[in-house]
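A.B. asks: From the sequence below, what's the structure:
(chains A and B)
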Amino acid sequence: DAGVIQSPRHEVTEMGQEVTLRCKPISGHDYLFWYRQTMMRGLELLIYFNNNVPIDDSGMPEDRFSAKMPNASFSTLKIQPSEPRDSAVYFCASSLGGQVKNIQYFGAGTRLSVL
Amino acid sequence: AQSVAQPEDQVNVAEGNPLTVKCTYSVSGNPYLFWYVQYPNRGLQFLLKYITGDNLVKGSYGFEAEFNKSQTSFHLKKPSALVSDSALYFCAVRPRNSGNTPLVFGKGTRLSVIA
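C.D. replies: From the prediction side, this is the model:
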């Protein structure tokens, strides 16, 4: 398996533009997580899904952020409109729930720069 | 609520010397404990985990960690550091009987191994 795949790897955009980050989890995994990493705040959990259903989105910073998982092999994180303070590295991770003790597998991340 | 503390933002060690990266946790009941490593421009990568049994857990790349219930600690160790061990290390915890709630990560400790 190729692991968790995120695209794009780098995104540079201007304030006010819409940004869409994409994630393909490991096949067969039933949990998907979106994280944001910054120097100031470290690694923050934004939202996670189980079987394509959002379980907890309390980490989503504000209404400008939305996430979807239309099927088991694809998820998006959208920021609209984007702001400079959204600049960060965004990670997607997936795991197999149940009795497997939740090893999360991370993608390589998307580095977002909002100018 | 569960939490993880990594008291050192930065650890410096000379190549060949033993290294320790500290982690303490707070959780209701018994925990599952994890260490992840992040190399530059990469996602987090699983290193090792404590589930049950022997308090000394061995993981990838010669790393090990010792679960100490009385001190609520799970320090990461390696007998002889390599320059290639230089990275950002994250400790994570999850309560044993919490269903499938996500991992809680510490803020990370940057390890620099100097040749």
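A.B. asks: got a list of what residue B:91 touches?
C.D. replies: By CB atoms under 8 Å, 6 or more residues apart in numbering or on different chains, the contact set of residue B:91 is B:4, B:6, B:21, B:23, B:25, B:33-35, B:74, B:76, B:105-106. Yep, even glycine has a C-beta here, placed from its N, CA and C like the rest.
A.B. asks: show me which of the residues you listed neighbour chain A.
C.D. replies: Filtering these for proximity to chain A by CB under 8 Å from any CB of the partner chain leaves B:34, B:105-106.
A.B. asks: So what touches the strand or helix carrying residue B:36?
C.D. replies: Under the criterion of DSSP states H and E, residue B:36 resides in strand B:31-38. Strand B:31-38 has contacts (CB under 8 Å, 6+ apart) with A:101-104, A:106, B:2, B:23, B:25, B:44-51, B:59, B:63, B:65, B:67, B:74, B:76, B:87-96, B:103, B:105, B:108.
A.B. asks: Out of these, which end up buried?
C.D. replies: A:101-102, A:104, A:106, B:2, B:23, B:25, B:44-50, B:59, B:63, B:65, B:67, B:74, B:76, B:87-95, B:103, B:105, B:108 (16 or more other CB atoms under 10 Å in any protein chain shown).
A.B. asks: what kind of secondary structure is the nearest residue to residue A:32 once chain neighbours are set aside in?
C.D. replies: Nearest non-adjacent residue to residue A:32, counting by CB to CB, 6 or more residues apart in numbering or on different chains: residue A:49, 4.6 Å away. Classification of residue A:49 using DSSP: H, G, I helix; E, B strand; the rest coil returns strand.
A.B. asks: what's the answer for the one 5 residues further on, then?
C.D. replies: What three-state DSSP gives for residue A:54 is strand.
A.B. asks: Now the terminal residues of stretch A:7-20, how far apart.
C.D. replies: Distance between the two ends of stretch A:7-20: 9 Å, counting by CA to CA, to the nearest Å.
A.B. asks: how far away is the closest residue to chain A within chain B from residue B:81?
C.D. replies: Among the residues of chain B, residue B:43 lies closest to chain A, at 3.2 Å counting by CB to the nearest CB. Here the criterion is CB to CB, to the nearest Å. By it, residue B:43 lies 23 Å from residue B:81.
A.B. asks: Residue A:2 too?
C.D. replies: According to CB to CB, residue A:2 and residue B:81 sit 31 Å apart.
A.B. asks: if you count what's nearby, which of those two comes out ahead?
C.D. replies: residue B:81 (21 against 7; other CB atoms under 10 Å in any protein chain shown).
A.B. asks: Verify the stated contact: that one with residue B:12.
C.D. replies: No: counting by CB atoms under 8 Å, residue B:81 does not reach residue B:12; the two are 10.0 Å apart.
A.B. asks: Now do the same contact list for residue B:104.
C.D. replies: B:2-4, B:92-94 are the contacts of residue B:104 under CB under 8 Å, 6+ apart.
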